[in-house]
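S.K.: Following is a predicted model, sequence given first.
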Amino acid sequence: MDPDLLVENELTRDRLSTLACRLSDDDLARDLGEGWTVAVALAHMAFWDERAALLLERYAEGTAQHHIPDWYEDLLNQTLEPQWRALSPRTAADGAVAAAEHVTRVLRGLDDGLCARLEAHEEGYLLRRFNHRTEHIAQIEAALG
């Protein structure tokens, strides 16, 4: 695993953890637009980090299937959104941090050969969880002012 990718992932994991710890109930309920709140965005991040962790574990075991197409990922977001809304806001925040920690542990254990194969088959985004987190952390921070 590229040490720079690990550092970037760990920095955004820490940034997410710090943010989640300081969010009040009012902050978690803050509207982000398109019907999403801060809590919904955190639950969304938790799902995608946990999904990445589980896929990486399966790739490492040799049991993973091929990449899910983008249209299906959009469908997953739409399908799961009501469940994310139903979570308590604090559960969503805690889940986002726990999922980020889980995927970090998995990333630390990957061998370089697997990482190279993932990059070669357009699965490298699984290794760069910081991209997705950074996008939503910035969205949350902007909404909070």
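M.R.: Received, thanks.
S.K.: any chance you could map the strands in the chain?
M.R.: 31-33, 36-37 (DSSP state E).
S.K.: Most tightly packed of the ones you listed?
M.R.: strand 36-37 (a mean of 20; mean count of other CB atoms under 10 Å). Bear in mind the C-beta positions are built from the backbone N, C-alpha and C, glycine included.
S.K.: so what strands line up beside it?
M.R.: Sheet pairing for strand 36-37, assigned by DSSP bridges, gives strand 31-33 (antiparallel).
S.K.: Give me the distance from the partner strand to the chain's centre.
M.R.: Here the centre of strand 31-33 is set off from its chain's centre by 19 Å, with CA atoms, centre = their mean, to the nearest Å.
S.K.: pLDDT weak spots in this protein?
M.R.: 66-67 (pLDDT under 70).
S.K.: Any buried residues in the longest helix seen in it, and which?
M.R.: Longest helix of the chain, by residue count under DSSP state H: helix 38-61. By 16 or more other CB atoms under 10 Å, the buried positions in helix 38-61 come out as 38-53, 55-57, 59.
S.K.: At the geometric centre of the protein, which residue do we find?
M.R.: Here the mean C-alpha position of the chain is nearest to the C-alpha of Asp49 (CA atoms, centre = their mean), at a distance of 3.2 Å.
S.K.: Tell me which residue of this structure is furthest from the middle?
M.R.: No residue in the chain has its C-alpha farther from the mean C-alpha position than Gly113, which lies at 23.3 Å (CA atoms, centre = their mean).
S.K.: isn't Ser30 right next to Ala41, touching?
M.R.: Let me fix one detail, which is that residue 30 is Arg and not Ser. No - counting by CB atoms under 8 Å, Arg30 does not reach Ala41; the two are 9.7 Å apart.
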